[in-house]
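Peer 1: Need the 3D shape of this:
(chains A, B, C and D)
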There are 2 protein chains.
Amino acid sequence: MTRRTNPKLSDVARTAGVSLATASRALADPELVKAATRERVREVAAMLGYVPHGAARALATRRSRTIGAVFPPVDNPIFAAATQALAHDLAAAGYTLLLATHEYDPAGELGATRALIERGVDGLELVGMDHDPALFELLSRSGVPYELMWSLDPSGHHPCVGIAHRFASIRITQHLLDLGHREFAVIAGFTAHNDRARERLVGVREALAGRGIELRAERVFETKFSAPHGRRAFIELLGRAPGFTALVCGNDVLALGALTECVRRGIAVPQAISIAGFDDIDMAAEVTPALTTVRVPGAEIGRVAAARMLARLAGDEVPRQEEVPAELVIRQSTGRPPA
Amino acid sequence: MTRRTNPKLSDVARTAGVSLATASRALADPELVKAATRERVREVAAMLGYVPHGAARALATRRSRTIGAVFPPVDNPIFAAATQALAHDLAAAGYTLLLATHEYDPAGELGATRALIERGVDGLELVGMDHDPALFELLSRSGVPYELMWSLDPSGHHPCVGIAHRFASIRITQHLLDLGHREFAVIAGFTAHNDRARERLVGVREALAGRGIELRAERVFETKFSAPHGRRAFIELLGRAPGFTALVCGNDVLALGALTECVRRGIAVPQAISIAGFDDIDMAAEVTPALTTVRVPGAEIGRVAAARMLARLAGDEVPRQEEVPAELVIRQSTGRPPA
DNA sequence: ATAGTGTCTGCAAGCGTTTTCATTCACTGA
DNA sequence: TCAGTGAATGAAAACGCTTGCAGACACTAT
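Peer 2: From the prediction side, this is the model:
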């Protein structure tokens, strides 16, 4: 069997007995062509199993109907939720998601972004504010519309949708302060190249400073976002500067790691130590004790980002910044400090 | 400021004082052009901020350097892990991932697949064996190389990489049988259009049948893969046909939902009820009691799928089927049944 | 009859690359 | 000196689609 090449539009046109232009219009701008012709073309297309050639179309129309997204690892549940929402909502509007990830490194992110732009994405979704200046330059040169997800831009310069990390962090810290805690420790994500991690840490510091409490340097540990790393960080803190009664974690995954270690060691949570997370991933409500955290609506961010991008591509105006609510969720992992 | 259009290759060529052909070669086939010329072209390209136009290149070369993947919701941690691995490994080889998802529905999957093929993907990754016949027809018509991930094809017809779900399910059920359990219940994922869910359920039935035990219909509940759904299913089973001492779940997310409800109700796990999951997501090891489960190496599946696809695109032969190991992981959520 | 008005269709010029084929040019060896 | 060789370059033809423009045609209003 000879591997016959896929039928192209000219084949459809010829078989249907119309010109290339008419065939194109019959499929793309149905109202421009007489009903009978249109039907004939469509039937022939279906019969031949015609599949449009996206690259050719993209070349002619200068649009790829493709949106790029550059994420840190999407196996982080919160990014997975956003990716899912993004892919789903874009697909509903006829767009497809080109996904690239990086390991929280500026070089990887820049390369990934460049790859997406080369693929001709119509728009680009990025995470956070911290980016290589070369990335912003690339963005403005290429003229691709973009959105920064997750954070809000203090400079008001970039279109973005996200939450106020620092403020949310202040609130959860105040919750612990209000419970009576004075001895704090923090397991943060790496703050280099990550404004979310940084702002959350700053939030803790500010909230404490507001009550005249200083966060001791040896009570802060930066690590990778994973449960095992969270556990190890907790062990490290316990060894290095014990005596804290409240542990604020950079995200839920880290908090769950710390929580597991507590269970393992028989440290009562929250009676001996209170633990707070950030993100409110699905599991936060499922573990015991359920985790006090800040709900970061990842899926909602993905949805809003998709909607904003689609609106912009349709020529509509959207607010420069869009804040989604980050709600404090008090569960069982935080309580009064031991007397 | 006039929005100057992006420089194209002809601009680079003119500025560098060479022909279009030479410019193209200088960037793509460096060895074909004299070192001096090559350098000049490259410098000009960098200076002008030239970014190749992917659609034009794809049209000319008939390759997009893009791989499509169609997943069920990627916010399921196990699929998220595979997506991450896939995107990462493809990127390392200069390919980008076009991601589409669906809600476990054949129509959505078919549409998503068609969209990817229209985008001109060089290869396609799908999940599982259950697909609309129209999808397979589309696949063979278009001639796009594809891989089925997650399962193994009993017919040996399709290229695939995955695990033997039924066998793994039999093993974890036998583990429970060996502990002395005789009263089983199952929370399964929806088995329609999902061979993994179906095979896992069949595995439980077969293992029980092997010991002369029948799985009662009212002890089986199919539901959506989410922790809340798992919890509700558990409550339903408890109300409908109590008395089971072993609960086998279609995946870890369902199992964690059931586990949470046990903790909530003070049902001792594993003393009163043993719970087994499937997948070994990160959280399985973090909860208390830690979950007995089958390790499905999602990231590994993604890696192997990427490697196989890249090899095939490079013209290499790969084995038609590749099985990745699915290991039984015995933790604390399973034990002897109550006397 | 004639001009005027739409509606439908076709021609052909792009879109920005890659790649085949031919050409030029500087060498080489006889 | 001259054909022969190989390396470097250029001209131009694809790749498969969209779309501006103009023509053909059937009407209607004058």
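
Peer 1: all helices of the stretch 1-150 of chain A, in order?
Peer 2: Counting by DSSP state H, counting those that start in this stretch, residue ranges of the helices within the stretch 1-150 of chain A are A:9-16, A:20-28, A:35-48, A:54-61, A:77-92, A:106-118, A:133-142.

Peer 1: Now do the first one: distance to the chain's middle.
Peer 2: The chain centroid and the centroid of helix A:9-16 are separated by 44 Å, computed with CA atoms, centre = their mean, to the nearest Å.

Peer 1: next one: the fourth one
Peer 2: Distance of helix A:54-61 from the chain centroid (CA atoms, centre = their mean) equals 29 Å.

Peer 1: List the buried residues for that helix?
Peer 2: Applying a neighbour-count criterion of 16 or more other CB atoms under 10 Å in any protein chain shown, one finds A:54, A:55, A:56, A:57, A:58, A:59 buried in helix A:54-61. To be clear about C-beta, it is placed using only N, CA and C from the backbone, and glycine gets the same treatment.

Peer 1: same question for it, mean pLDDT?
Peer 2: For helix A:54-61, the mean per-residue pLDDT is 95.

Peer 1: tilt between that helix and helix B:106-118?
Peer 2: 70 degrees (axes from the mean of the first three to the mean of the last three CA atoms, to 10 degrees).

Peer 1: contacts with DNA strand D among the buried residues of helix A:54-61, please.
Peer 2: A:56, A:57, A:59 (CB under 7 Å from any atom of the strand).

Peer 1: Columns distance to DNA strand C on top of the residues you listed, output as CSV?
Peer 2: What follows is those, written out as CSV (distance: CB to the nearest atom of the strand, whole Å):
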residue, distance to DNA strand C
A:56, 7
A:57, 9
A:59, 4
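
Peer 1: Could you dump these into a markdown table and include distance to residue A:167?
Peer 2: Below are those laid out as a markdown table (distance: CB to CB, whole Å):
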| residue | distance to residue A:167 |
| --- | --- |
| A:56 | 49 |
| A:57 | 45 |
| A:59 | 46 |
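
Peer 1: Just the closest of those residues to residue B:103, please.
Peer 2: Residue B:103 lies nearest to residue A:57 out of those, by CB to CB, at 27.6 Å.

Peer 1: From DNA strand C, how far off is the residue most central in space within chain A?
Peer 2: Centroid-nearest residue in chain A: residue A:79, 4.4 Å away (criterion: CA atoms, centre = their mean). From residue A:79 across to DNA strand C, the span is 32 Å (CB to the nearest atom of the strand, to the nearest Å).

Peer 1: Excluding chain neighbours, what is closest to that residue?
Peer 2: Nearest residue to residue A:79 in three dimensions, chain neighbours excluded: residue A:71, at 5.1 Å (CB to CB, 6 or more residues apart in numbering or on different chains).

Peer 1: Who are the contact partners of the residue nearest to the centre of chain A?
Peer 2: Listed by CB atoms under 8 Å, 6 or more residues apart in numbering or on different chains, the contact set of residue A:79 reads A:71, A:72, A:73, A:127, A:298.

Peer 1: Distance-wise, check residue A:275 relative to DNA strand C.
Peer 2: Going from residue A:275 to DNA strand C by CB to the nearest atom of the strand gives 53 Å.

Peer 1: and if you look at residue A:264?
Peer 2: 56 Å.

Peer 1: Name the residues of whichever helix or strand that residue is part of that come out as buried.
Peer 2: According to DSSP states H and E, residue A:264 maps onto helix A:252-265. For helix A:252-265, burial by neighbour count (16+ other CB under 10 Å) applies to A:252, A:253, A:254, A:255, A:256, A:257, A:258, A:259, A:260, A:261, A:262, A:263.

Peer 1: Could you do stretch A:263-276 as well?
Peer 2: Buried residues in stretch A:263-276 (16+ other CB under 10 Å): A:263, A:267, A:269, A:270, A:273, A:274, A:275, A:276.

Peer 1: returning to what we had before: and the pLDDT at the residue nearest to the centre of chain A?
Peer 2: So residue A:79 comes in at 97 (pLDDT).

Peer 1: quick one, what contacts the nearest residue to residue A:198 once chain neighbours are set aside?
Peer 2: Counting by CB to CB, 6+ apart, residue A:198 lies nearest to residue A:191, which is 4.1 Å off, once chain neighbours are set aside. Taking CB under 8 Å, 6+ apart, we find residue A:191 in contact with A:197, A:198, A:201, A:222.

Peer 1: how about JSON lines for those, with neighbour count, secondary structure and pLDDT added?
Peer 2: Below are those laid out as JSON lines (neighbours: other CB atoms under 10 Å in any protein chain shown; DSSP: H, G, I helix; E, B strand; the rest coil; pLDDT from 0 to 100):
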{"residue": "A:197", "neighbour count": "23", "secondary structure": "helix", "pLDDT": "97"}
{"residue": "A:198", "neighbour count": "22", "secondary structure": "helix", "pLDDT": "98"}
{"residue": "A:201", "neighbour count": "23", "secondary structure": "helix", "pLDDT": "98"}
{"residue": "A:222", "neighbour count": "18", "secondary structure": "strand", "pLDDT": "98"}
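
Peer 1: Widest-spaced pair of these?
Peer 2: A:198 and A:222 (9.9 Å).

Peer 1: any idea how chain A splits into domains?
Peer 2: A:9-52, A:65-163+A:298-325, A:165-295 (automatic domain parsing).

Peer 1: In CSV, list the ones you listed along with distance to residue B:11.
Peer 2: Formatted as CSV, these follow (distance: least, CB to CB, whole Å):
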stretch, distance to residue B:11
domain A:9-52, 29
domain A:65-163+A:298-325, 13
domain A:165-295, 34
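
Peer 1: which stretch among those comes nearest residue B:209?
Peer 2: domain A:165-295 (32.8 Å).

Peer 1: quick one: low-confidence parts of chain A?
Peer 2: Within chain A, the stretches with pLDDT under 70 are A:1-4.

Peer 1: Can you pull the residues of chain A lying near DNA strand D?
Peer 2: A:5, A:8-10, A:20-21, A:24-25, A:27-29, A:50, A:52-53, A:56-57, A:59-61.

Peer 1: Which entries within those meet the buried criterion?
Peer 2: Judged by 16+ other CB under 10 Å, buried ones among these: A:8, A:9, A:24, A:25, A:27, A:50, A:52, A:53, A:56, A:57, A:59.

Peer 1: In the stretch 101-250 of chain A, what residue lies closest to DNA strand D?
Peer 2: Residue nearest to DNA strand D within the stretch 101-250 of chain A: residue A:120 (12.8 Å; CB to the nearest atom of the strand).

Peer 1: before we move on, back to that, turn the contacts of residue A:191 into JSON lines, columns for distance to residue A:158.
Peer 2: Below are the contacts of residue A:191 laid out as JSON lines (distance: CB to CB, whole Å):
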{"residue": "A:197", "distance to residue A:158": "19"}
{"residue": "A:198", "distance to residue A:158": "17"}
{"residue": "A:201", "distance to residue A:158": "22"}
{"residue": "A:222", "distance to residue A:158": "26"}
